[in-house]
Structures are given as structure tokens and as C-alpha cells.
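Undergrad: Next come a sequence and a model predicted from it.
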Amino acid sequence: MNTDPSDQADPTRGALEPSPEAVAEIDRLDQVCRARPGEIEPQIELWRAVTALEFWVGINRGTPEAPRPYMLAAEAGPMLCVFSSATRAKEAAEANGLIAPGEPVALFIVPLPAALDWAMSFGEHGVVAVTIDYPRLGSWCPLPNLAKLRPGSG
């Protein structure tokens, strides 16, 4: 149970919200990636920060009993959309026309590091990558690279 008193002071933070510092670091690293396109090290740093989150949030396009995550049809192939927070997932659902502004959105969480195996399992269904906080960020990682981001793998 989260008993952090800052959650009561800031109603936008809650069970599905990471620390503001974690989100700010992901945003900062995304900007580094944009400033240095084609360089691998900034992308690795970004995805290490993404995989260091406590959990990923997903937009449920299925039912509560059988959740089905929101995905994108991209040029590279289908991409699994994950979000750093419930706030960003809701923003994405509105921006992508999944819900009307102000409407509730069905979300689910997948704890890390188990989320890495969960995401990679979608490769069996043709998914090629995972993207974080789309469309706000839109950085993506090929599924095979997720295995290299497991704690202790590198």
C-alpha cells in the first residue's frame, strides 16, 4: 500500500504514477536521443531508464478478464505501446482517438522486470518493437534488444 503523503497533496500521482524524477529522466534521455540520432549509446541509456521503472502502464483494448494492449501499425511492423505513467497513457488514448477527452480509459500495469518477458512474448504474434509514451515520445526498441536490458545482463 502506498502511504506516501505526497500522493494526497498531488491527486495526479497515485498507484500508476512513477516518481516525477523518473519521468523527467526519461524525457531528458529522449531529448538526448533526438539530438544525437543514429547514436546507439543514448538509446541504450534511455531504454535502461525505461526498464528501470517499477512498472509499465498499458491501455487495455480488451476486457478486464482478457486485457489486450494497445499497439501501433508502424512501417517497421506492429509495435506494443507502453507508458511510463497512467497520466501519459490517458493522454495517448485521447490523442489517438481511443477515448473522448475527459472520458475514463481502461489501463493495466505490468511490473518490471517481468514486463520485459511479457513484451517479448508478443514477438510470437508478429510484434517487432515496443514504444514508450507514444505519441509524446515515441522512442522505440526492437523486441530482441529488450533481452539485453534485463537486470544483470549487461
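TA: Alright, I've got the coordinates. Remember, it's a predicted structure, so these values are computed and weren't measured experimentally. Numbers count the residues shown, from 1 in each chain.
Undergrad: the longest helix in this protein is where?
TA: In the chain, taking DSSP state H as the definition, the longest helix is helix 20-35.
Undergrad: Report the rounded mean pLDDT for that one.
TA: Helix 20-35 carries an average pLDDT of 95.
Undergrad: Now do that helix: distance to the chain's middle.
TA: 13 Å (CA atoms, centre = their mean, to the nearest Å).
Undergrad: mind listing what's buried in it?
TA: Ala22, Val23, Glu25, Ile26, Leu29, Asp30, Cys33 (16 or more other CB atoms under 10 Å). Using the backbone N, CA and C atoms, a C-beta is placed for each residue, glycine as well.
Undergrad: Repeat that for stretch 57-76.
TA: Buried, per 16+ other CB under 10 Å, within stretch 57-76: Val57, Gly58, Ile59, Asn60, Pro69, Tyr70, Met71, Leu72.
Undergrad: Quote the end-to-end distance of it.
TA: 23 Å (CA to CA, to the nearest Å).
Undergrad: mind checking which helix or strand of this structure has the lowest mean pLDDT?
TA: helix 5-9 (a mean of 32; mean pLDDT, DSSP states H and E).
Undergrad: quick one: low-confidence parts of the chain?
TA: 1-15, 151-154 (pLDDT under 70).
Undergrad: now the strands: where do they sit in it?
TA: In the chain, the strands defined using DSSP state E lie at 55-59, 71-74, 77-82, 107-111, 129-132, 140-142.
Undergrad: To Arg88, which of those lies closest?
TA: Closest approach to Arg88 among the strands of the chain (CB to CB): strand 55-59, 7.5 Å.
Undergrad: List of residues touching the closest one?
TA: 16, 18, 67, 69-70, 81-86, 88-89, 92-93, 98, 105-112, 115, 119 (CB atoms under 8 Å, 6 or more residues apart in numbering).
Undergrad: And it, how far out from the chain middle?
TA: 6 Å.
Undergrad: Report the angle between it and strand 77-82.
TA: Calculated by axes from the mean of the first three to the mean of the last three CA atoms, to 10 degrees, strand 55-59 forms an angle of 120 degrees with strand 77-82.
Undergrad: Quick check on the contacts of strand 55-59: which are buried?
TA: Looks like the contacts of strand 55-59 have 16, 18, 69-70, 81-86, 88-89, 92-93, 98, 105-110, 112, 115, 119 buried, using 16+ other CB under 10 Å.
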